[in-house]
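Chemist: Requesting a structural model of the entry that follows:
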Amino acid sequence: MKQYLKLLIKYLFLFLFGGFVYAGIEIGFRGYTYLLMGIVGAIAFVLIGLMNEIFQWDTPLLLQMLCGSLIVTFLELVVGSILLQHGIRMWDYSDQWLNYNGVICLRFSAIWFIISLFAIIVDDSLRYWVFDEEYPRYKWF
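Modeler: Numbering: from 1, shown residues only. Coordinates of the predicted model:
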């Protein structure tokens, strides 16, 4: 039972950390955010962090970044499509090149690719420093 509690605390910490950081970034760029955006950011951060459980340390960072971008783009597609069915647009990429229903676009997928690098490194660092997990090591290719 103690092991499950430690796991719950770890993922709750990572979830809240990711959500607050994402909301802070969005407020910094747009001047506002929505609670649901923080939740989506938190889910994305946890999922990106879970790549540690799937990939080996010698998995190229560029591949991990691509997966991170696909995770965020998929979450945007799902959440954005559900909200759109209810007439809600928390973000709108309609004016962006290569967008789909205004809920995802190539430009922001590329931005998520770059941001994924920071999410990967921050998650790995938190896991090492806070949760005494393996020391992170990376390779680009």
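Chemist: same for the helix or strand bottoming out on mean pLDDT in the chain, what does it pack against?
Modeler: Taking mean pLDDT, DSSP states H and E as the measure, the helices and strands of the chain show their lowest mean at helix 51-54, namely a mean of 85. Here helix 51-54 is seen to pack against helix 61-85, helix 106-129 when contacts are counted using 3 or more C-beta pairs under 8 Å, 6 or more residues apart in numbering; DSSP states H and E. From N, CA and C alone the C-beta is placed, and that goes for glycine too.
Chemist: Show residues contacting that helix.
Modeler: Outside helix 51-54, the residues within contact range by C-beta atoms under 8 Å, 6 or more residues apart in numbering are 59, 64, 67-68, 120, 123-124, 127, 133.
Chemist: do that again at 10 Å, thanks
Modeler: Contacts of helix 51-54 with the rest of the structure, by C-beta atoms under 10 Å, 6 or more residues apart in numbering, involve 59, 63-65, 67-68, 71, 116, 119-120, 123-124, 127, 133-134, 136.
Chemist: Counting neighbours, what do you get for M51?
Modeler: 20 (other C-beta atoms under 10 Å).
Chemist: picking up where we left off before, please identify which of the contacts of helix 51-54 is nearest to S94.
Modeler: Using C-beta to C-beta, the shortest approach to S94 within the contacts of helix 51-54 belongs to I71, at 22.8 Å.
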